[in-house]
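Colleague: Structure for this input, please:
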Amino acid sequence: MGTLWTYLYNSQQKVELLPDKDGYYLINGNKVRADELVVAPFKNTILKESTRFYLVPPNFPEPHTLEICQKKLNNYEISKTTIKYY
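Modeller: As a prediction, this is how the structure comes out:
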């Protein structure tokens, strides 16, 4: 799943996981029901075969600020630029 997760993170997309026609999810070659995947998220919640799951990557961090300064030797003029990069 590393390659898929890397793609989802880099593209900032989510993917919906759907069960097969019998209501099972295929995980590492094993058929698993939704109620076996989620353990009591809310005590009275009933998971059905139509339950959908999503893989949602975390958001990118805030952009970094990079400050570039230049100082001339003869007249000591200082120029300063601040840019943000992702």
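Colleague: How about the contacts made by Gln13?
Modeller: Going by C-beta atoms under 8 Å, 6 or more residues apart in numbering, Gln13 touches Pro57. No exception for glycine: its C-beta is placed from N, CA and C like everyone else's.
Colleague: Now do it, the pLDDT please.
Modeller: Per-residue pLDDT puts Gln13 at 94.
Colleague: Give me the three-state assignment for the nearest residue to Pro58 once chain neighbours are set aside.
Modeller: The shortest distance from Pro58 to any non-neighbouring residue, by C-beta to C-beta, 6 or more residues apart in numbering, is to Tyr9 (7.2 Å). Three-state call for Tyr9 (DSSP: H, G, I helix; E, B strand; the rest coil): helix.
Colleague: Tyr9 and Gly29, how far apart?
Modeller: 24 Å (C-beta to C-beta, to the nearest Å).
Colleague: So for the two, which sits in the more crowded spot?
Modeller: Tyr9 (13 against 5; other C-beta atoms under 10 Å).
Colleague: Go ahead and confirm that one touches Val56.
Modeller: No. In this structure Tyr9 lies outside contact range of Val56 using C-beta atoms under 8 Å: 10.1 Å.
Colleague: hey, where'd the helices end up in this protein?
Modeller: 2-11, 34-37 (DSSP state H).
Colleague: mind listing what's buried in the last one?
Modeller: Along helix 34-37, these residues count as buried under the neighbour rule (16 or more other C-beta atoms under 10 Å): Ala34.
Colleague: counting contacts, what elements does it pack onto?
Modeller: strand 24-27 (3 or more C-beta pairs under 8 Å, 6 or more residues apart in numbering; DSSP states H and E).
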